[in-house]
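Enquirer: Requesting a structural model of the entry that follows:
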Amino acid sequence: MVELKQIKHFVAVAEELNFRRAAERLHITQPPLSQSIKALEETLDVKLFERNTRGVQLTKAGEAFLGESLEVLSATHRSVSIARQAAHGDIGTLRVGYSASAIFSTTLTSALAHLLTERPMLDLEIIEGNALVHITALKAGKLDATILRADLNEDSLSGLSVSRLGDEPLFVILNRGHRLQERSSINFKELDGERILLQPATQRTFLRRQLETLADKAGMSISRVLEVPDIGSTLCFVGAGIGITILPASAASMAHGLITIPLAGECCSQPLLMASKEGNPLSEKLRELVNSQPLTGM
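Expert: Below is the predicted model of the structure:
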């Protein structure tokens, strides 16, 4: 079997065409270098060099072997470099989960943009889902970090590193001309009878559960619901006058051309959290960047 050390010895002699200079370049003495080349030729069962009084010349086999040897050394150096970069989190894949409207948080997107600018070889994979699904995936090693809106108990977050990034107020989003558009704030009770655009119940989002709880506290039920799978479509339907919706501040800031009014009352805000597993250099760097961002708000 050919050893990497033998290939390095061969390349040095092939480039110097002189055993003494090659030995000096390799910081070894000449006898072990000669023995290494002889062992290599025996292993390959070919003659790599012609030795005569005028010096050393590559044979045809040696010339061919030199090209391949240079590629081997280049690949080796590249592999070492990649391994070191991966150990420091400079390359690889960062898998980030997010729950629905959390993707609109500039706290998250600014941190991701900074990280990708700093580490251009990094691959980013983002996965949407609800908080409980992402926490399970995080603990199973299928995610590196997750940004979510949820008020989870300590038991569900055990074994994870959690940063609370702030709280976002909720906004009622109306189309222009709506009967409530002049209000400085809106109580949930005032939305009774309105068609409210919500994420599907099957998605089990924290926002939908929170709004249903607020409706109960206001002594009303959300009876007129249109389920819309994504926030972009929801805002389009609000603009068309099909109904109204309620979103946290960062998502409400995307409601261009619509009316956004704070939802009044207690518990009308949403916590924004980042959870990750310790020991992953990529997720730790993301957490560091996220924590350095201003708290999300509007």
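
Enquirer: CA only for contacts and neighbour counts going forward, please
Expert: OK.

Enquirer: mind listing what's buried in stretch 58-66?
Expert: Of all the residues in stretch 58-66, those buried under the rule 16 or more other Cα atoms under 10 Å are 58, 62, 65-66.

Enquirer: Just put those residues in JSON lines and tack on secondary structure, pLDDT and distance to Ala100.
Expert: Formatted as JSON lines, the buried residues of stretch 58-66 follow (DSSP: H, G, I helix; E, B strand; the rest coil; pLDDT from 0 to 100; distance: Cα to Cα, whole Å):
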{"residue": "Leu58", "secondary structure": "strand", "pLDDT": "93", "distance to Ala100": "65"}
{"residue": "Gly62", "secondary structure": "helix", "pLDDT": "91", "distance to Ala100": "62"}
{"residue": "Phe65", "secondary structure": "helix", "pLDDT": "93", "distance to Ala100": "57"}
{"residue": "Leu66", "secondary structure": "helix", "pLDDT": "93", "distance to Ala100": "56"}
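
Enquirer: Which secondary structure element is home to the residue sitting nearest the centre point of the chain?
Expert: Nearest to the geometric centre of the chain sits Leu94, at 3.5 Å (Cα atoms, centre = their mean). Assessed by DSSP states H and E, Leu94 sits inside strand 92-98.

Enquirer: Packing partners of that strand?
Expert: Under the contact criterion of 3 or more Cα pairs under 8 Å, 6 or more residues apart in numbering; DSSP states H and E, strand 92-98 touches strand 122-128, helix 131-139, strand 145-148.

Enquirer: Where does pLDDT dip in the stretch 51-200 of the chain?
Expert: Within the stretch 51-200 of the chain, the stretches with pLDDT under 70 are 81-91, 151, 154.

Enquirer: how far does the strand holding Leu94 sit from the chain's center?
Expert: 3 Å (Cα atoms, centre = their mean, to the nearest Å).

Enquirer: Contacts for it, please.
Expert: For strand 92-98, contacts defined as Cα atoms under 8 Å, 6 or more residues apart in numbering pick out 86, 121-131, 134, 142-148, 282-283.

Enquirer: If any of these are buried, put those into a PyMOL selection.
Expert: The buried subset of those, as determined by 16+ other Cα under 10 Å, is captured in PyMOL by this line:
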select buried, resi 86+122+128+129+130+131+134+143+144+145+146+147+148+282+283
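
Enquirer: where exactly do the strands run in the stretch 101-250 of the chain?
Expert: 122-128, 145-148, 161-174, 196-198, 225-227, 245-248 (DSSP state E, counting those that start in this stretch).

Enquirer: Tell me what angle the helix or strand containing Glu63 forms with strand 92-98.
Expert: Element membership of Glu63, judged by DSSP H and E, is helix 60-87. For helix 60-87 against strand 92-98, the angle by axes from the mean of the first three to the mean of the last three Cα atoms, to 10 degrees is 30 degrees.

Enquirer: What are the buried residues along helix 60-87?
Expert: Buried positions in helix 60-87, judged by neighbour count with 16+ other Cα under 10 Å: 62, 65-66, 69, 86.

Enquirer: And stretch 246-254, by the same measure?
Expert: Result for stretch 246-254 [16+ other Cα under 10 Å]: buried residues 246-253.

Enquirer: can you put the helices and strands packed on strand 92-98 in TSV and add distance to Ser163?
Expert: Shown next, in TSV, are the helices and strands packed on strand 92-98 (distance: least, Cα to Cα, whole Å):
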stretch	distance to Ser163
strand 122-128	19
helix 131-139	14
strand 145-148	10
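
Enquirer: picking that back up, export the strands of the stretch 101-250 of the chain to CSV and tack on distance to Ile37?
Expert: Listed next are the strands of the stretch 101-250 of the chain as CSV, based on distance: least, Cα to Cα, whole Å:
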stretch, distance to Ile37
strand 122-128, 41
strand 145-148, 51
strand 161-174, 54
strand 196-198, 74
strand 225-227, 74
strand 245-248, 71
